[in-house]
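Student: I would like the atomic coordinates for the input below:
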Amino acid sequence: MTLTPRKLNIFIITKLPSAYLCGVRTKHLDEEKCKVGVKYRWINKNPFKSIFWAVQGMAAEFSTGALMIGKIQESGKRVSMLVTSSNAIFTKKATGKIMFTCHDGKAIDEALKRAIETEEGQTLWMKSVGVNEEGIVVSTFNFEWSLKIKK
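Tutor: Got it, this is the predicted structure:
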């Protein structure tokens, strides 16, 4: 089964309903990158008239996790995945439409290959950058993911 933005958005509805209600939507997925968007709305705002940091985090994390889910499906292996650490930098108010993009497809390939070859857990850091409609970076999130082959 090929993973598509439509299938990922159905996944969001069924498995991450709070993200869906806040407007988190997958826009693009390929071998190298995943783009997830969120738009400033009443449901996801903070008192400072911008998108609440946790909503930005949901979109950013999903851009990394969706890319990983696709790679795991392609491998045909049963793999557990878990975020073990994260950090973020906020550089501008997030208003309007924000697009979070993760370009770490190759890093996932390498970590997954090591996990399969060694049968040991692997960790990797993945970055998602949120950009507004003007092309200005509003936030950058880093997530440490743990991968382990299930036996």
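Student: ok, residue 107 to residue 119 distance?
Tutor: According to Cβ to Cβ, to the nearest Å, residue 107 stands 20 Å off from residue 119. The way it works is simple: take the backbone N, C-alpha and C, and place the C-beta from them, glycine included.
Student: more neighbours, the two?
Tutor: residue 107 (18 against 10; other Cβ atoms under 10 Å).
Student: now the residue nearest to the more buried one when sequence neighbours are not counted. Its backbone dihedrals?
Tutor: Spatially, and ignoring its direct neighbours in sequence, residue 107 is nearest to residue 124 (5.5 Å; Cβ to Cβ, 6 or more residues apart in numbering). For residue 124, the backbone dihedrals are phi -150, psi 150 (criterion: degrees, to the nearest 10).
Student: test my guess that residue 124 contacts residue 106.
Tutor: No - contact criterion Cβ atoms under 8 Å: residue 124 and residue 106 do not qualify, at 10.6 Å.
Student: of these two, which one has the most company?
Tutor: Neighbour totals were compared for residue 124 and residue 106, and residue 124 leads with 19 against 11 (other Cβ under 10 Å).
Student: who does that one bridge with?
Tutor: residue 145 (DSSP bridges).
Student: residues contacting it?
Tutor: Going by Cβ atoms under 8 Å, 6 or more residues apart in numbering, residue 124 touches 104, 107-108, 110-111, 144-145, 147.
Student: could the residues you listed go into CSV alongside pLDDT and distance to residue 76?
Tutor: Shown next, in CSV, are these (pLDDT from 0 to 100; distance: Cβ to Cβ, whole Å):
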residue, pLDDT, distance to residue 76
104, 98, 21
107, 98, 20
108, 98, 15
110, 98, 17
111, 98, 16
144, 99, 25
145, 99, 19
147, 97, 15
